[in-house]
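Trainee: Just to be clear, the model below is a prediction. Sequence and coordinates:
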Amino acid sequence: MSSELLVDLGEDSPTPQLDQLKLSPLEDQQWPPDQSTITKSETEISQQYGAGSPHLSWDHPFYDIARHQIIEVAGDDNFGRKVIVFNACRMPPHHELDHHKLLMYLKGTLDQYVESDYTLIYFHHGLTSENKPSLSWLRDAYKEFDRKYKKNIKALYIVHPTMFIKTLLILFKPIISFKFGRKINYVSYLSELEDVVKCEQLVIPARVREYDNKLRASLKPSAQPPMSPPRSPPLPNQVFGVPLALLRQRSPNEDPVPVVMRDTISFLSEQGLEIEGIFRRSANVTLVKEVQLRYNSGESVSFSEMEDVHLAAVILKTFLRELPEPLLTYQLYNDIVNFSSVSSDIQVTTMKTLLESLPEENYASLRYLITFLAQVSSNSEINKMTNSNLAVVFGPNLLWGRDNAMSLSAIGPINNFTRTLLDQQHLIYT
């Protein structure tokens, strides 16, 4: 992985035409016709952005963008930062895509996470002369993302960069700030992403995987990059990535709430309730791995000795995300993503019924977590973490689809369910 430093040279420098750059031909694909048009103001569309079901209805203002699955959210990376994925190969030919709406859709996604540290992964393979946006659109798009979007993006990973994308970044030097330029990293092979995020949690397009395999096959054996490391067999005292039922069986008192959740939440209840932006910051990845190893080796962990609130917060989110099955279970997935269709006067009753169907250890762990998060939000004037903010952070860590990454149209309903759970927890847990 290498990083290209881009310097700020001012905004008036002339920029060559990108049309002269050669791109590989687009593979034959049957793109569905795009007949929808935008008829609502940006404000109205932004307000409706999170509405809908896992598959947006045809009349939703963002249906024609969402159906291509160009943009996805893939949980947290190894640093505890939200991961946003952009798949160039899923962009249809430019005359079949409203690039302005695509930009609004991307902004609507980032609006949910820009107050937290986040990572952007861009899979470049598949961008061709047929589907690449115009140079003016790219320039306007960069300018559209003001400081609030750039402040907390910690890294932009460009996977499988070509001469085109490298040339593009050179051409854009006049408008790309030095500080943002330092966040850009080139990733030549998928295996290199393992330093940043577990690739198994990314839904990497088949075309991208095939291209990665071809790149590897073209190299001499001596120049082959390392493959993604095989998953290590679970340690005897493994805690992360282990089913809740097994953790309960191992517990001396068959405690349904795992020790990691008790340790982190106990510490955060004492030290983190008044920390501004708690759960929004990342942590040192080396420390995160060290703490995970200690837990997995059966050792006790004292967060009080480490005195790092953000480390404890990341460990809690990491534990939830690495469960083999989400805390809210796959069984409830459809009910939860369609929860917005439930009448408001029976939402509490419906939610109680759903949660009471959970296995006992899931129910107990969820209640323990939600009770704590209610404490966090009660201090929101200080820590700035309202129920809505907490839902954005924890929603994707409480429920995800069987393919791990989720389409954005499912993220909104999951976050809304989580927010409702936090809003009504005093009625649900009675």
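Mentor: Thanks, I have it. Residues are numbered from 1 along each chain as shown.
Trainee: Tell me how far Met351 lies from His125.
Mentor: Relative to His125, Met351 is positioned 42 Å away (C-beta to C-beta, to the nearest Å). For every residue, glycine as well, the C-beta is placed using N, CA and C.
Trainee: what does the domain assignment say about this structure?
Mentor: Domain assignment for the chain by automatic domain parsing gives 2-19+33-223, 244-428.
Trainee: Any chance of JSON lines for these, columns mean neighbour count, mean pLDDT and distance to Leu235?
Mentor: What follows is the domains of the chain, written out as JSON lines (neighbours: other C-beta atoms under 10 Å; pLDDT from 0 to 100; distance: least, C-beta to C-beta, whole Å):
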{"stretch": "domain 2-19+33-223", "mean neighbour count": "17", "mean pLDDT": "76", "distance to Leu235": "17"}
{"stretch": "domain 244-428", "mean neighbour count": "18", "mean pLDDT": "92", "distance to Leu235": "5"}
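Trainee: Gln238: which of those domains is closest?
Mentor: Ranking these by their distance to Gln238 (criterion: C-beta to C-beta) puts domain 244-428 first, at 5.0 Å.
Trainee: Okay, now that closest one: how far is its last residue from its first?
Mentor: 22 Å (C-alpha to C-alpha, to the nearest Å).
Trainee: Off-centre distance for it?
Mentor: 15 Å (C-alpha atoms, centre = their mean, to the nearest Å).
Trainee: ditto for stretch 121-129
Mentor: 19 Å.
Trainee: export it as PDB, just CAs?
Mentor: Taking Å, rounded to 0.1, in the frame of the first residue of the first chain, the C-alpha atoms of stretch 121-129 are listed here in PDB:
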ATOM      1  CA  ILE A 121     -12.900   2.100   0.200                       C
ATOM      2  CA  TYR A 122     -13.200   2.600  -3.600                       C
ATOM      3  CA  PHE A 123     -13.000  -0.400  -5.800                       C
ATOM      4  CA  HIS A 124     -11.800   1.100  -9.100                       C
ATOM      5  CA  HIS A 125     -11.900  -1.900 -11.400                       C
ATOM      6  CA  GLY A 126     -14.800  -1.600 -13.800                       C
ATOM      7  CA  LEU A 127     -14.600   2.100 -14.400                       C
ATOM      8  CA  THR A 128     -14.600   2.500 -18.200                       C
ATOM      9  CA  SER A 129     -15.000   5.000 -20.900                       C
END
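Trainee: Any chance you could list what contacts it?
Mentor: For stretch 121-129, contacts defined as C-beta atoms under 8 Å, 6 or more residues apart in numbering pick out 23-26, 74, 83-91, 156-162, 164-165, 193, 196-197, 202, 204-205, 207-208, 211.
Trainee: Dump the domains of the chain into a markdown table; add distance to Gln238 as well.
Mentor: Shown next, in a markdown table, are the domains of the chain (distance: least, C-beta to C-beta, whole Å):
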| stretch | distance to Gln238 |
| --- | --- |
| domain 2-19+33-223 | 16 |
| domain 244-428 | 5 |
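Trainee: and Pro236, which of those domains is closest to it?
Mentor: Closest of these to Pro236 is domain 244-428, at 7.4 Å (criterion: C-beta to C-beta).
Trainee: Counting by contacts, list what the longest helix seen in the chain packs against.
Mentor: The residue-count maximum for a helix in the chain (DSSP state H) belongs to helix 360-378. When contacts are defined as 3 or more C-beta pairs under 8 Å, 6 or more residues apart in numbering; DSSP states H and E, helix 360-378 packs onto helix 244-250, helix 259-271, helix 347-356, helix 387-398, helix 408-423, helix 425-428.
Trainee: neighbouring contacts of the third one?
Mentor: The reference is to helix 347-356. With C-beta under 8 Å, 6+ apart, helix 347-356 has contacts from 332, 335-336, 339, 342, 363, 366, 417, 420-421, 424, 427-428.
Trainee: Pretty sure Ile153 sits against Tyr118.
Mentor: Yes. Between Ile153 and Tyr118 there is a contact at 5.9 Å, judged by C-beta atoms under 8 Å.
Trainee: who touches both of these two?
Mentor: What both Ile153 and Tyr118 touch, as defined by C-beta under 8 Å, 6+ apart, is an empty set.
Trainee: Please give me every residue in contact with the nearest residue to Asp263 once chain neighbours are set aside.
Mentor: Spatial nearest neighbour of Asp263, chain neighbours left out: Val301 (5.9 Å); criterion: C-beta to C-beta, 6 or more residues apart in numbering. Val301 makes contacts with 263, 291, 294-295, as judged by C-beta under 8 Å, 6+ apart.
Trainee: now the helices and strands packed on helix 360-378 in JSON lines, with distance to Asn131?
Mentor: What follows is the helices and strands packed on helix 360-378, written out as JSON lines (distance: least, C-beta to C-beta, whole Å):
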{"stretch": "helix 244-250", "distance to Asn131": "44"}
{"stretch": "helix 259-271", "distance to Asn131": "44"}
{"stretch": "helix 347-356", "distance to Asn131": "41"}
{"stretch": "helix 387-398", "distance to Asn131": "28"}
{"stretch": "helix 408-423", "distance to Asn131": "20"}
{"stretch": "helix 425-428", "distance to Asn131": "46"}
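Trainee: can you tell me which of those comes nearest to Ala313?
Mentor: Across the helices and strands packed on helix 360-378, closest to Ala313 is helix 259-271 (C-beta to C-beta), at 6.4 Å.
Trainee: can I get the CA coordinates of the closest one in PDB?
Mentor: Taking C-alpha atoms only, helix 259-271 is exported to PDB below (Å, rounded to 0.1, in the frame of the first residue of the first chain):
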ATOM      1  CA  VAL A 259     -17.500 -10.800  30.000                       C
ATOM      2  CA  VAL A 260     -16.400  -8.400  27.200                       C
ATOM      3  CA  MET A 261     -19.700  -6.500  27.400                       C
ATOM      4  CA  ARG A 262     -19.600  -6.400  31.200                       C
ATOM      5  CA  ASP A 263     -16.000  -5.200  31.300                       C
ATOM      6  CA  THR A 264     -16.400  -2.500  28.700                       C
ATOM      7  CA  ILE A 265     -19.800  -1.200  29.700                       C
ATOM      8  CA  SER A 266     -18.900  -1.200  33.400                       C
ATOM      9  CA  PHE A 267     -15.800   0.900  32.600                       C
ATOM     10  CA  LEU A 268     -17.600   3.200  30.200                       C
ATOM     11  CA  SER A 269     -20.400   3.700  32.700                       C
ATOM     12  CA  GLU A 270     -17.900   5.100  35.200                       C
ATOM     13  CA  GLN A 271     -15.500   7.000  32.800                       C
END
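Trainee: Which stretches in the stretch 1-150 of the chain count as helices?
Mentor: With DSSP state H, counting those that start in this stretch as the criterion, the stretch 1-150 of the chain has helices at 42-48, 63-66, 99-111, 135-144, 147-150.
Trainee: How about the stretch 151-300 of the chain?
Mentor: 163-171, 178-181, 206-217, 244-250, 259-271, 285-296.
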